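Colleague: Mind folding the following:
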Amino acid sequence: MVYVQGMMAPVASEKKAQYQTLSAKAADVFRQNGALSVIESWGDDIPDGKVNDMKSAVKLKDGETPVFTWIVWPSKAARDEGMQKSFANPLFSEGFDPGMDGARMFFGGFETIVEAGDFSGADYIDGFLVPCPVKNKEAYRKMAADAWPLFERHGAISMFECWQDDLPDGQLTSMALAVQKKPDEAVLFSWVGWPSKEARLKGQASMMADPEMRPPPEMPFDGMRMIFGGFEVIVDR
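Modeller: Residues are numbered from 1 along each chain as shown. Predicted coordinates for the structure are as follows:
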């Protein structure tokens, strides 16, 4: 199983092109230092939530868009070494300004518990942050693994479920705050990849009509505090 560094942040919408350009350069640096894949995705379909959502997670302001990003590493040790080497690169100097507010960015390290499909190749993704009781880890893993054939049959090309491992606290935002994490819970950083937004919309509709689309009798996580959104992939390295 690989190791995933996941991140969300708010970015000035008018700086999308600048963010994409600089993120692509940063992705190349991460790849040079051992990363297997780097994906940057730009918020497109971000619904409001009753309890929490991806907008409140990054304290989104008018004129901003949330981004959902991950870097795949061969292991946690490779992540630690690769991130250290990458941030020593001149690209990440004081002049690195992609329009992102770093004070409201949050991130964490995750072990993968479900890997289906390739790391890259999707043009559109559904991104999720999910709170789950630690005692339900295996139940969640089984639920997600059992769901993959259904997603694949309806057009998805990848699914990754990633379980909290290295989750730093934040002053303004954090993975834990995003899902209102409780002491006995872990956070999952997860995504489903689609070939396009159109394929995602068609696939979601056909899944809802599929007679095999049956949720388990008892969900292993709190769906009320799960946050999600649809994102356009803008960097795939």
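Colleague: How about the contacts made by residue 148?
Modeller: 114, 116, 159 (C-beta atoms under 8 Å, 6 or more residues apart in numbering). C-betas here are computed from N, CA, C, even on glycine.
Colleague: what about the first one, which helix or strand?
Modeller: Secondary structure here is read from DSSP states H and E; on that basis residue 114 sits in strand 106-117.
Colleague: Each with direction, which strands does that strand pair with?
Modeller: Using DSSP bridges, strand 106-117 pairs in its sheet with strand 3-12 (antiparallel), strand 158-166 (antiparallel).
Colleague: What residues of the host helix or strand of residue 139 count as buried?
Modeller: Residue 139 is located in helix 137-153, with elements delineated by DSSP H and E. Neighbour-count burial for helix 137-153, counted by 16 or more other C-beta atoms under 10 Å, picks out 137, 139, 140, 141, 143, 144, 147, 148, 150, 151, 152.
Colleague: just checking, the fifth one touches residue 223?
Modeller: No. Using C-beta atoms under 8 Å as the test, residue 143 is too far from residue 223 to be in contact (11.9 Å).
Colleague: want to throw the strands paired with strand 106-117 into CSV with distance to residue 29 and mean neighbour count?
Modeller: Listed next are these as CSV, based on distance: least, C-beta to C-beta, whole Å; neighbours: other C-beta atoms under 10 Å:
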stretch, distance to residue 29, mean neighbour count
strand 3-12, 14, 23
strand 158-166, 21, 21
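Colleague: now those as a markdown table including distance to residue 34 and mean pLDDT?
Modeller: Converted to a markdown table, the strands paired with strand 106-117 look like this (distance: least, C-beta to C-beta, whole Å; pLDDT from 0 to 100):
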| stretch | distance to residue 34 | mean pLDDT |
| --- | --- | --- |
| strand 3-12 | 11 | 97 |
| strand 158-166 | 17 | 98 |
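Colleague: could I get those strands as a markdown table with distance to residue 101?
Modeller: Formatted as a markdown table, these follow (distance: least, C-beta to C-beta, whole Å):
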| stretch | distance to residue 101 |
| --- | --- |
| strand 3-12 | 5 |
| strand 158-166 | 22 |
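Colleague: Give the residue spans of the chain that score low on pLDDT.
Modeller: Confidence mapping of the chain against pLDDT under 70 gives the ranges 94-96.
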